[in-house]
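1. Quick one: sequence and predicted model below, then my questions.
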Amino acid sequence: MTPLLASRPVLWFLFLFNLLVATAAPFVTDGAQAVLTAVGMGAVALGAGVSLYRTRGRAA
């Protein structure tokens, strides 16, 4: 499972999808659910983005 999660296409999907959900959550839901969804999805997007940044110079 680790090699799949570390592949660049999967990291790009995780980054973009979770960033989109994190930004849309406050407009779709209200209250604590919106905040927790945005924070959780933002954390996953941040992790995927950091991983993409770390591996940017390496060949895929």
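-> In hand now; what should we look at?
2. Which secondary structure state is assigned to Gly57?
-> Here Gly57 is recorded as coil under DSSP: H, G, I helix; E, B strand; the rest coil.
3. Can you pull out the residues in contact with the top helix by length along the chain?
-> In the chain, taking DSSP state H as the definition, the longest helix is helix 31-54. If you take C-beta atoms under 8 Å, 6 or more residues apart in numbering as the criterion, helix 31-54 is touched by 6, 8, 11-12, 14-16, 18-19, 21-23, 25-26, 28-29. C-beta: built from backbone N, CA, C; applies to glycine.
4. Going through the residues you listed, which ones are buried?
-> Neighbour-count burial (16 or more other C-beta atoms under 10 Å) is assigned, among the contacts of helix 31-54, to Leu11, Leu14, Phe15, Asn18, Leu19, Val21, Ala22, Ala25.
5. Out of the residues you listed, list just those in strands.
-> Per DSSP state E, strands hold no members of the buried ones among the contacts of helix 31-54.
6. Lovely, talk soon.
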